[in-house]
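A.B. asks: sequence and predicted model, in that order:
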Amino acid sequence: MKRLFDIIAALALIALSAPLFLGVALLIVVLSGRPVLFRHRRVGRAGQPFSCLKFRTMVIGAEDWLSEDERLLAEHRKNGFKLPLAQDPRVTSVGRFLRRTQLDELPQLWNVITGDMSLVGPRPLVEEELGWFEGDAAHQLLTVRPGIFGPWTALGRRRPGYPERAEVDLSYVGRASLIGDLGLILAHVPVLLQGQSDDS
């Protein structure tokens, strides 16, 4: 039932947001050039790696910039493997808008169609983040598909960093249900309307 719901809902959302997809893609091409999409390696269910899709919000070569800048890399790891929007020099002007409005996540609907992700589940992690999950916790987390919406993202601007984030993500595992998923989706309505702050 969850997989069927994922496919039907993702197809409907893609159809409804098609003009938005096109508009964002054109905005990126005009203001930032190509490519439009960014593929980031994440860990999926059963530990299988996959390419998590996003609209590109950073300059070309942003990953190389991070690996070559020791200060930036240290800050990235310290902040839970991400940088606050206001402190990330790699983000483009159009990228800031997409991050604040969270429109950069739209292409992940395709990840849902292909089965790499679900509409609802813990956010997909990079491999280094699994180190925050002690003992059997990492294995438990990887028994479910990562999601676009989840218990951690539902907290909006109150989202905690690690190690608290690990507990929040694990709260979904073993308690997932269709009713619970619908509740988490509804909980994201005010979060999406509020947008992301420059400090997150």
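C.D. replies: Nice, I can see it.

A.B. asks: which residues sit in contact with R96?
C.D. replies: T57, L85 (CB atoms under 8 Å, 6 or more residues apart in numbering). In short, each C-beta sits where N, CA and C put it, glycine included.

A.B. asks: give me phi/psi at it?
C.D. replies: Backbone torsions for R96, taken as degrees, to the nearest 10, come to phi -60, psi -40.

A.B. asks: measure it to Q196 for me?
C.D. replies: Distance of R96 to Q196, computed by CB to CB, to the nearest Å: 10 Å.

A.B. asks: for the longest helix along the chain, buried residues please.
C.D. replies: Scanning the chain for the longest helix, with DSSP state H as the assignment, gives helix 178-194. Buried residues in helix 178-194, defined by neighbour count with 16 or more other CB atoms under 10 Å: D181, L184, I185, H188, V191.

A.B. asks: before we move on, back to that, please enumerate the shared neighbours of R96 and Q196.
C.D. replies: In contact with both R96 and Q196: L85, using CB under 8 Å, 6+ apart.

A.B. asks: hmm, back to that, of the buried residues of helix 178-194, closest to T114?
C.D. replies: Taking CB to CB as the measure, T114 lies nearest D181 of the buried residues of helix 178-194, at 18.9 Å.

A.B. asks: so what's the closest one up against?
C.D. replies: K2, F5, L119, V120.

A.B. asks: let's see if you can find the most crowded of the residues you listed.
C.D. replies: V120 (31 neighbours; other CB atoms under 10 Å).

A.B. asks: pretty sure it contacts F149?
C.D. replies: Yes - using CB atoms under 8 Å, V120 is in contact with F149, at 5.0 Å.

A.B. asks: overlap of the contact sets of those two?
C.D. replies: In contact with both V120 and F149: L184, I185, using CB under 8 Å, 6+ apart.

A.B. asks: tell me which stretches of this structure form strands.
C.D. replies: Ranges of strands within the chain are 37-43, 49-55, 118-120, 147-149, based on DSSP state E.

A.B. asks: out of the ones you listed, which is the most enclosed?
C.D. replies: For these, average neighbour numbers computed from mean count of other CB atoms under 10 Å are highest in strand 118-120, which has a mean of 26.

A.B. asks: quick one: contacts of that strand?
C.D. replies: By CB under 8 Å, 6+ apart, the list of residues contacting strand 118-120 reads 2-3, 5-6, 9-10, 112, 144-150, 172, 176, 180-181, 184-185.

A.B. asks: what pairs with that strand, and is each one parallel or antiparallel?
C.D. replies: If you go by DSSP bridges, strand 118-120 pairs up with strand 147-149 (parallel).

A.B. asks: any regions of the chain where pLDDT drops low?
C.D. replies: For the chain, applying pLDDT under 70 flags the ranges 198-200.

A.B. asks: please redo it, this time with the cut-off set to 80
C.D. replies: Along the chain, the parts satisfying pLDDT under 80 run over 79-80, 197-200.

A.B. asks: residues near the residue nearest to P35 when sequence neighbours are not counted, how many?
C.D. replies: Using CB to CB, 6 or more residues apart in numbering and skipping the chain neighbours, the partner closest in space to P35 is R56 (6.1 Å). Using other CB under 10 Å, R56 has 23 neighbouring residues.
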